[in-house]
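J.: Got a sequence here, can you build the structure:
(one chain, ligands or ions: 1)
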Amino acid sequence: MNERKTIHLVEDSDTQALKLEILLQDAGYDVERSANAEQALECLRRKRPGLVILDYHLPGISGVELCRQIKMRSGIESVPVLLLTQEDEADVERRGLESGADDYIRKTVDDALLLARVESLLRSSRNSPFLSPNNTEHFRSQTILLVDDSVTYLTFLEHELESEGCRVLKATNGRDALSLIEKSVAQSTATQGCDRDEIDCIILDLVMPKMDGIELCRRLDVIRREQHRSLPILMVTSQEAKDEMMRALEAGADDFVKKSNDTVILRARIRALLRRKLLHDEHERILAQFRRKELEVVQAQTERAAALKQAALAKELEAANCELKETQSQLVQSAKMASLGALVAGIAHEINNPLSYSLSHLRRIADNLERFGRELCDIGAAPDMTRLEKAKQRAAQAVEGLERVADLIVKLRSFSRRDKGEFKLANVQECIEATLPIVRHRCTGNRKLVVEHAEDSVLYCAPGLINQVILNLLTNALDAIGEAGEVCVATVRTDKMFRLSVADSGPGIPDEVLERIFEPFFTTKDVGKGTGLGLAVSYQIIDRHKGSIDVRNRAAGGAEFIVELPLNLAEQISESRTAA
Ligand code: ADP
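T.: Numbers count the residues shown, from 1 in each chain. Sure, this is the predicted structure:
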């Protein structure tokens, strides 16, 4: 025995109780005892034993009544009950079994037989709290297999059991019985236990030719163990010999009854066996249901976990996708800038040379025209002053035009990074102050320029380049406000950033323009007024500072450009140099 099982003994006689207790404990069981039914019910309520052994005669509530109460109590109704009595009358046994007792044994019985019965009852007991209430109509629609070589006894018993409403199958030898059982088991498996013809109980004769009852019992026991089926086996024999009973019980029989013409006891024993089978089947059904539910819960949990994982993955994927798109557009932007930079640098270089000498020659021509005019007057010649003035004017206009081209070339060169700019610690406030005089002439009348400086404006940057950014942003803001409005330049220093913003009260920037403002040569200004390079150049300059430039339309109207410059640029540059 692997695990010690508890037996609850209800016995009023101390001597009897002690004797039984010693016998059971020696056999390896734990024994608890109550002296009367009331005490027993209280103990059983607290702790469910594997078996209850009851004295038929108890003071107060009788053993039969106690048995009935046990079988009616939820939670302990499936505990097998073994009734003990000194009586040797069939009626006592019948009453005991009909009260729900699972077995009946006389106190005078041999110790070994008592222990065999106890073990047989415990074997069939299942420690389940889920068993259903008693069913008193066990004979109804039950199928019983009778195995006996005596056709007379078979017919007699068949008649008796059919009169109780049972369906009876018969076999006159062990082989036929086994094939009937195997067929029943196969059918029941195919119909998942819903087979009406499933055999519920086997009654077999001990003495049979070829395969005797003991051998058949052993084989049946193997089948029911393999198939996890509750299949009660009741052995019947002509004589009640102790050794035979012991062998039968050891072979797996659940009960042993002496053949008699009076079938009262036999029927009571069959009832008790069927009751146990019903409880067992119910227990199995509930267990299976319980396992199914557990499986469903596990499945639901697994599915939920998988769904959550999938959702998390989808989220991660979406984030990665966004990041990828952003990186891609940045790459496209910088690739565009790089190729344009190279192109622009080439063109600027090609234009710059002829432009330089054309401009210097033109300036010389304009100066000479002036001088020649004066000299001709001095020597008394009378030149056509109107034509001379026109020529001077045209030369001056040509100089102005070429100077504009030269200015454009300067911008193109800085766009193409020809003007690298020197990085050093510089005061951005000074950069702003240096730029203001250039645009101050435009801040007249209804145009107002406000400047708010951060307390500390010193940071590592290329001040020449930062000047350009400020000038570009201020020029655009003044263009945007037209004849009236306000432009505000403000700087703020945070823990990690230096922020420069230029806000205006102009019309703001429409969405379709907003998308393109950093593109080189994109301009909405008139020909000759805009080059579309101011913001593209500014973008590159800020990029070189490892900062950011952003634009938004203000809720109050107008646009605001925000430049953020990192305060640790010097460290970043030296780190990247070390890494390289
Ligand atoms: P440009 O000034 O030569 O046109 P920019 O690159 O400086 O070139 O500007 C590109 C375009 O961005 C401008 O033509 C204008 O449409 C728009 N823009 C820039 N700043 C502002 C502003 N403050 N308000 C409205 N639009 C602006």
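
J.: Other residues contacting stretch 28-38?
T.: 1, 4-12, 17, 20-21, 24-25, 40, 42-43, 47, 49, 58-63, 65-66, 69, 118 (CB atoms under 8 Å, 6 or more residues apart in numbering). Where C-beta positions appear, they are placed from N, C-alpha and C, glycine not excepted.

J.: Quickly list what N446 is bridged to.
T.: N446 forms beta bridges with A484, as assigned by DSSP bridges.

J.: For it, give me its contacts.
T.: By CB under 8 Å, 6+ apart, the contact list for N446 reads 483-485.

J.: Just among those, which is most surrounded?
T.: Of all the contacts of N446, the most densely surrounded is G485 (18 neighbours; neighbours counted as other CB atoms under 10 Å).

J.: tally of neighbours for the closest residue to that residue other than its chain neighbours?
T.: Residue nearest to G485 in three dimensions, not counting chain neighbours: S505, with 4.2 Å by CB to CB, 6 or more residues apart in numbering. When neighbours are counted by other CB under 10 Å, S505 registers 19.

J.: Ramachandran coordinates for S505?
T.: phi -100, psi 30 (degrees, to the nearest 10).

J.: related to what we said a few turns ago, considering only the contacts of N446, which also neighbour the ligand?
T.: Counting by CB under 6 Å from any ligand atom, nothing from the contacts of N446 sits close to the ligand.

J.: who in the stretch 201-350 of the chain is up against the ligand?
T.: Counting by CB under 6 Å from any ligand atom, no residue of the stretch 201-350 of the chain is near the ligand.

J.: Could I get the full set of strands for the stretch 201-350 of the chain?
T.: In the stretch 201-350 of the chain, the segments counted as strands under DSSP state E, counting those that start in this stretch are 201-205, 233-237, 255-258.

J.: Reformat those strands as JSON lines; add mean pLDDT and distance to N553.
T.: Shown next, in JSON lines, are the strands of the stretch 201-350 of the chain (pLDDT from 0 to 100; distance: least, CB to CB, whole Å):
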{"stretch": "strand 201-205", "mean pLDDT": "92", "distance to N553": "90"}
{"stretch": "strand 233-237", "mean pLDDT": "89", "distance to N553": "92"}
{"stretch": "strand 255-258", "mean pLDDT": "85", "distance to N553": "95"}
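
J.: Pick the most deeply packed of those strands.
T.: Greatest average neighbour count among these goes to strand 201-205 (a mean of 25), per mean count of other CB atoms under 10 Å.

J.: Torsion angles phi and psi at the closest residue to the ligand within the stretch 401-550 of the chain?
T.: Residue of the stretch 401-550 of the chain nearest the ligand, by CB to the nearest ligand atom: G534 (2.6 Å). Dihedral pair for G534: phi -50, psi -50, per degrees, to the nearest 10.

J.: and it, how many neighbours?
T.: Per other CB under 10 Å, the neighbour tally for G534 reads 22.

J.: Excluding chain neighbours, what is closest to it?
T.: Excluding the flanking residues, the one nearest G534 by CB to CB, 6+ apart is N472, at 3.7 Å.

J.: hang on, the one you found packs against G532?
T.: No - contact between N472 and G532 fails when scored by CB atoms under 8 Å: they sit 11.3 Å apart.

J.: what do those two both touch?
T.: Common neighbours of N472 and G532 (CB under 8 Å, 6+ apart) do not exist.

J.: on that earlier part again, is the residue nearest to G534 inside a helix or a strand, and which specific one?
T.: Counting by DSSP states H and E, the element that carries N472 is helix 463-481.

J.: which secondary structure elements does that helix contact?
T.: Where contact means 3 or more CB pairs under 8 Å, 6 or more residues apart in numbering; DSSP states H and E, helix 463-481 is packed against strand 424-427, helix 428-440, strand 446-452, strand 484-493, strand 497-504, helix 534-544, strand 559-566.

J.: For the chain, which residues are neighbours of the ligand?
T.: 472, 476-477, 480, 504, 506, 509, 513, 517, 522-525, 530-536, 559.
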